[in-house]
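Q: this one's structure only:
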């Protein structure tokens, strides 16, 4: 099979899913493709370009089709849905949030931002304010997924952890976590509720223009 940019990126995404971002090296990628590392540079000149290509591929799977909200749909609801799609795109791949954070000049991320900002401007929100709202929502989403995808404490870390003492020192924190995650409630609910706080606050500051 002829080596082209699409094949390289597809294999790079597979490598990401297998080994995480730290495992995506030109040496490993070249080995998977059965070529020498310098061959890759004809299509992607450096590691930064490779990471950006992976980011675009990840986003394209979720945002291949984008459209502004219907005229009767509040922008707040639409923007919340857009952020949920971004989270799904990042969670679909190991270290997805790290990839997006490290990407440089991702065209697909720019397309998401363009649609979101232009939608808010069309609803009467000043450009400066629209930019701040969209950046806040995007960065909250990426940051939330970064935490979701961060390694959990290993056995050695937990070995000497005293939950009784921790609960005594931070009773409200423990009670809040316990109360929130009642049966049937998941981290998806937590993301959505936190996101709604962000967007509703932005709407109030923007005068709830719709």
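A: Yes, it's here. Quantities reported herein were computed from a predicted structural model and do not represent experimental measurements.

Q: those strands in the protein, which residues are they?
A: Applying DSSP state E to the chain gives no strands.

Q: Can you check the pLDDT for residue 208?
A: Residue 208 carries a pLDDT value of 51.

Q: ok now the longest helix that the chain contains, how far from the chain's centre?
A: Determined from DSSP state H, the single longest helix within the chain is helix 127-149. Distance, stretch centre to chain centre, for helix 127-149: 9 Å (CA atoms, centre = their mean, to the nearest Å).

Q: do stretch 51-66 as well
A: 11 Å.

Q: Repeat that for stretch 81-100.
A: Chain-centre distance of stretch 81-100: 3 Å, with CA atoms, centre = their mean.

Q: Same question for stretch 192-200.
A: Averaging C-alpha positions (CA atoms, centre = their mean) puts stretch 192-200 16 Å from its chain's average.

Q: Quick check: buried residues in that stretch?
A: 195, 198, 199 (16 or more other CB atoms under 10 Å). (Each C-beta comes from the backbone N, C-alpha and C, glycine too.)

Q: Confidence-wise, which helix or strand of the chain is lowest on average?
A: Each helix and strand of the chain was given a mean pLDDT (mean pLDDT, DSSP states H and E); the minimum falls on helix 155-159 at a mean of 84.

Q: Backbone dihedrals for residue 35, please?
A: The phi/psi pair for residue 35 (degrees, to the nearest 10) reads phi -130, psi 180.

Q: Show me where this protein dips below the pLDDT cut-off.
A: Counting by pLDDT under 70, the ranges of the chain that qualify are 1, 208-210.

Q: Okay, helices next: where are they in it?
A: Using DSSP H, helices in the chain cover 5-19, 26-33, 37-40, 47-63, 75-91, 96-102, 107-122, 127-149, 155-159, 163-169, 171-180, 187-205.

Q: For residue 69, which of the ones you listed is the nearest?
A: Smallest distance to residue 69 across these (CB to CB): 3.6 Å, for helix 75-91.

Q: what's in contact with the closest one?
A: For helix 75-91, the surrounding residues in contact (CB atoms under 8 Å, 6 or more residues apart in numbering) are 58-59, 61-63, 68-69, 96-97, 99-100, 112, 115-116, 119-120, 123, 125, 133-134, 137-138, 140-142, 144-145, 148-149, 191-192, 195-196, 199-200, 203, 210.

Q: Deepest-packed of the helices of the chain, please.
A: Each of the helices of the chain was scored by mean neighbour count; the highest is helix 96-102, a mean of 23, by mean count of other CB atoms under 10 Å.

Q: Now do the residue nearest to residue 26 when sequence neighbours are not counted against residue 14, distance only.
A: The shortest distance from residue 26 to any non-neighbouring residue, by CB to CB, 6 or more residues apart in numbering, is to residue 37 (4.6 Å). Distance, residue 37 to residue 14, using CB to CB, to the nearest Å: 17 Å.
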